[in-house]
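# Have a look; sequence and predicted model below, questions after that.
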Amino acid sequence: MSPKVHLVGKTNVTPSNIIFLKAEANYSEVFMLDGQRIILSKTLKQMETLFAPFGFYRPHKSFLINLEHVVSCSVHTDRLIELTNNFKAELSRRKKNDFMEIRSNKKVSHC
């Protein structure tokens, strides 16, 4: 059975069903595999601490992505990471080498 993470109210989610989280000021928007979006009154930094043990990575100050949902990436040209359901997350210049290291360690299989 997959572990659940308590997000808000009585909402528990399986981390593998989350594609990514996006920062919106002092809120975080959670993008689910089923198309659902959940708005949380927590910062992305708070969510990063919660989700890091489940294979999430922060490639940019505005994104926290689930590495299971990486479809492709272009780290050398436009620095975009394509995720499940055609979502795209930015990769900051300063995180590029770190992400390439993760990619070379086979934590990301589709890049």
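Cool, the structure landed. Numbers count the residues shown, from 1 in each chain.
# what sits against the spatially most central residue of the chain?
For the chain, the residue sitting closest to the mean C-alpha position, by CA atoms, centre = their mean, is Ile65 at 1.1 Å. Applying CB atoms under 8 Å, 6 or more residues apart in numbering, we find Ile65 in contact with Ile19, Phe20, Leu21, Phe56, Tyr57, Arg58, Pro59, Ile81, Leu83, Ala89. C-beta: built from backbone N, CA, C; applies to glycine.
# Just the buried ones out of those, please.
The neighbour count (16 or more other CB atoms under 10 Å) marks Ile19, Phe20, Leu21, Phe56, Tyr57, Arg58, Pro59, Ile81, Leu83, Ala89 as buried among these.
# Any idea what Ile39 is bridged to?
Glu29 (DSSP bridges).
# how much space is there between it and Tyr27?
6 Å (CB to CB, to the nearest Å).
# one step back: the contacts of Ile65 into JSON lines, with extra columns for distance to Thr11, pLDDT and secondary structure?
Converted to JSON lines, the contacts of Ile65 look like this (distance: CB to CB, whole Å; pLDDT from 0 to 100; DSSP: H, G, I helix; E, B strand; the rest coil):
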{"residue": "Ile19", "distance to Thr11": "16", "pLDDT": "97", "secondary structure": "strand"}
{"residue": "Phe20", "distance to Thr11": "17", "pLDDT": "97", "secondary structure": "strand"}
{"residue": "Leu21", "distance to Thr11": "14", "pLDDT": "97", "secondary structure": "strand"}
{"residue": "Phe56", "distance to Thr11": "17", "pLDDT": "96", "secondary structure": "strand"}
{"residue": "Tyr57", "distance to Thr11": "23", "pLDDT": "96", "secondary structure": "strand"}
{"residue": "Arg58", "distance to Thr11": "22", "pLDDT": "97", "secondary structure": "strand"}
{"residue": "Pro59", "distance to Thr11": "25", "pLDDT": "96", "secondary structure": "strand"}
{"residue": "Ile81", "distance to Thr11": "26", "pLDDT": "94", "secondary structure": "strand"}
{"residue": "Leu83", "distance to Thr11": "21", "pLDDT": "96", "secondary structure": "strand"}
{"residue": "Ala89", "distance to Thr11": "23", "pLDDT": "96", "secondary structure": "strand"}
